[in-house]
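1. Build me a model from this:
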Amino acid sequence: MKKDIHAKNYRPVVFQDISNGETFLTRSTAASEETIKLDGVEYPLVKVHISSASHPFFTGQEKLVDIEGRVDKFKARAKAAQEAREKAANKAKKPKAEKAKEAPQKLGK
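-> Model prediction:
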């Protein structure tokens, strides 16, 4: 094993799930400026958005994130892009077609 590759600042740290307030005391090297008092002892506090206490996989609760699936959204965007390209192509063709229909100007009499 290589020497001096592991962090030396392991310490007890409290991780708090901000979605439900659940706290976990563990050892970590995560830096934090906030602190929390837990069981009368002050620990560094790291706030997380999701943990095993709030993740649907661990809780068994299914949360509906979006109504449409990714494939449906992709197909809708692709269709809208195709329609936009066709519309732009039609606009580009119209002026050329109108110019060709114009009669040449006669100069003089």
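2. The strand or helix carrying Val71 - contacts with which helices or strands?
-> Using DSSP states H and E, Val71 falls within helix 70-101. On a contact count with 3 or more C-beta pairs under 8 Å, 6 or more residues apart in numbering; DSSP states H and E, helix 70-101 meets no helix or strand. Every residue, glycine included, has its C-beta placed from N, CA and C.
3. Walk me through the domains of this structure.
-> Listed by automatic domain parsing, the domain ranges of the chain are 1-62, 63-93.
4. quick one: which of those domains is nearest Gln105?
-> domain 63-93 (23.7 Å; C-beta to C-beta).
5. returning to that earlier point: ranked by average pLDDT, which of the domains of the chain falls at the bottom?
-> Comparing mean pLDDT across the domains of the chain, the lowest value falls on domain 63-93: a mean of 81.
6. Can you list the buried residues in it?
-> Buried residues in domain 63-93, counted by 16 or more other C-beta atoms under 10 Å: none are found.
7. about what we covered before: turn the domains of the chain into JSON lines, columns for distance to Leu107.
-> As requested, these are exported to JSON lines (distance: least, C-beta to C-beta, whole Å):
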{"stretch": "domain 1-62", "distance to Leu107": "76"}
{"stretch": "domain 63-93", "distance to Leu107": "30"}
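8. Minimum distance to Lys106: which of those domains has it?
-> Closest approach to Lys106 among the domains of the chain is made by domain 63-93 (27.9 Å; C-beta to C-beta).
9. quick one: Lys2 is in a strand?
-> No. Read with DSSP: H, G, I helix; E, B strand; the rest coil, Lys2 is coil and lies in no strand.
10. Now for it, how many residues are close by?
-> Close neighbours of Lys2, defined as other C-beta atoms under 10 Å, add up to 5.
11. same question, Val14
-> 22.
12. in its sheet, what does the one helix or strand it maps to sit against?
-> Using DSSP H and E, Val14 sits in strand 11-17. Strand pairing for strand 11-17, using DSSP bridges, gives strand 23-28 (antiparallel), strand 41-48 (parallel).
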